[in-house]
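Novice: this one's structure only:
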């Protein structure tokens, strides 16, 4: 037996205890939806992760996914982002906004039928009342055809935080930045991550 296999087989070997636990999943029905919410989020995990596939009825080529935490609508959100479309890389930031720009990566009606964006967001230490609630996102979409700028889609890397330490996160509301409606089959899945 190799030394590595011997270590793995040893009773002293400690396996990682970090795992993902499904908390809730929401799929938009045939009528569409102006928002999607997770409420009564339990405080029994270390971090949260949200995975989505989504599109809106916006007439342009894409839409931005935004969120609010615990119903906070004051100018308390900051974010910074970098995104590219295969030929150009762009960066930007928002400070003191009333909602968090989670990703510039939702599909839309204007991008063509069945053009959905996908993304994964981590929310770190969501129950810690001694630090800002920090979020990070990787998202993207493919139009399958060139838009007016010649782009076929984009990928976005984004992070930011809510400038509040008061409460654990118990509610997350997702909306379109353009007040468009989520299309049927848009789906959000919420997971809890247990620390080691």
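Specialist: Noted; the coordinates are in hand. Note that the structure is predicted; figures quoted are calculated from it, not measured.
Novice: Could you use CA atoms for every contact and neighbour count after this?
Specialist: Will do.
Novice: After the one helix or strand in the chain whose mean pLDDT sits lowest, which helix or strand is next?
Specialist: The weakest-scoring helix or strand in the chain, judged by mean pLDDT, DSSP states H and E, is helix 3-9 (a mean of 44). Past helix 3-9, further along toward the C-terminus, the next helix or strand under DSSP states H and E is strand 19-27.
Novice: which of the residues in that following strand are buried?
Specialist: Neighbour counts over strand 19-27 (16 or more other Cα atoms under 10 Å) mark 20, 27 as buried.
Novice: what about that strand, average pLDDT?
Specialist: Here strand 19-27 scores 95 as its mean pLDDT.
Novice: name the helices or strands packed onto it?
Specialist: Where contact means 3 or more Cα pairs under 8 Å, 6 or more residues apart in numbering; DSSP states H and E, strand 19-27 is packed against strand 187-194.
Novice: how far out from the middle of the chain is the strand it packs on?
Specialist: 10 Å (Cα atoms, centre = their mean, to the nearest Å).
Novice: Okay, buried residues for that strand please.
Specialist: Those would be 187, 188, 189, 190, 191, 192, 193, for strand 187-194 by 16+ other Cα under 10 Å.
Novice: Ok, stretch 61-68 next?
Specialist: Buried-residue list, stretch 61-68, by 16+ other Cα under 10 Å: 61, 62, 63, 64, 65, 66, 67, 68.
Novice: pLDDT weak spots in the chain?
Specialist: 1-18, 148-150, 196 (pLDDT under 70).
Novice: For the closest residue to residue 89 other than its chain neighbours, give the beta-bridge partners.
Specialist: Nearest non-adjacent residue to residue 89, counting by Cα to Cα, 6 or more residues apart in numbering: residue 83, 5.7 Å away. Assessed by DSSP bridges, residue 83 has beta-bridge partners residue 90, residue 156.
Novice: Next, count neighbours for residue 83.
Specialist: If you count neighbours by other Cα atoms under 10 Å, residue 83 ends up with 21.
Novice: Please look at it and residue 90 and confirm they touch.
Specialist: Yes - shown here, residue 83 and residue 90 form a contact pair, counting by Cα atoms under 8 Å, at 5.4 Å.
Novice: Including distance to residue 56, could the buried residues of strand 187-194 go into CSV?
Specialist: CSV is the format used below for these (distance: Cα to Cα, whole Å):
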residue, distance to residue 56
187, 12
188, 14
189, 17
190, 20
191, 23
192, 26
193, 29
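Novice: so which of the residues you listed would you say is closest to residue 102?
Specialist: residue 188 (13.0 Å; Cα to Cα).
Novice: What separation is there between the most centrally placed residue in the chain and residue 134?
Specialist: Nearest to the mean C-alpha position of the chain, by Cα atoms, centre = their mean, lies residue 121 at 3.5 Å. Residue 121 sits 10 Å away from residue 134, taking Cα to Cα, to the nearest Å as the criterion.
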